[in-house]
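>>> Attaching a predicted model along with its sequence, questions to come.
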Amino acid sequence: MRDSLPTAGAGIVVSVQGAVVDVTFADGILPPIDTALTVEWDRPEPLYLEVHRHVDSATVRAIALHPTAGLTRGKAAPHTSGAIGR
């Protein structure tokens, strides 16, 4: 069951392994490497992820910039169309 419905340009968190987060994009349009993703979750601040690599034609592997304890699969992860800090 999905917690969040994706919007255009948004992926869904499908795996969380420590700071490594896999995000799938149903439309198959993957954000470029180094693009920032944001995840709204049960914390006051969003979780920022940075795309590290394209795993396959629909999934990216991203690195979380903050601890991921409590992050669950199914959360929407829209991309910001830009890199972190630029």
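Everything's here; your move. Residues are numbered from 1 along each chain as shown.

>>> any idea how far the helix or strand hosting A77 is from the chain center?
For A77, the element it lies in under DSSP states H and E is strand 76-83. How far strand 76-83 lies from its chain's middle: 7 Å, per C-alpha atoms, centre = their mean, to the nearest Å.

>>> just stretch 11-22 next, same as before
7 Å.

>>> residues of that stretch that come out buried?
Buried residues in stretch 11-22, counting neighbours by 16 or more other C-beta atoms under 10 Å, are found at 11-14, 16, 21-22. C-betas here are computed from N, CA, C, even on glycine.

>>> Kindly report the same for stretch 77-84.
Under 16+ other C-beta under 10 Å, the buried positions of stretch 77-84 are 77-79.

>>> Could you find the lowest-pLDDT member of those?
Of all the buried residues of stretch 77-84, H79 carries the smallest pLDDT score, 87.

>>> what residues are up against the spatially closest residue to that one that is not a sequence neighbour?
With C-beta to C-beta, 6 or more residues apart in numbering as the criterion, H79 has its nearest non-adjacent residue at 4.0 Å, and that residue is P31. The contact partners of P31, by C-beta atoms under 8 Å, 6 or more residues apart in numbering, come to 9, 25, 37, 51, 60, 79, 81.

>>> The residue minimising distance to the centre of the chain and G70, how far apart?
By C-alpha atoms, centre = their mean, the mean C-alpha position of the chain lies nearest to A77, the distance being 4.2 Å. Here the distance between A77 and G70 works out to 15 Å (C-beta to C-beta, to the nearest Å).
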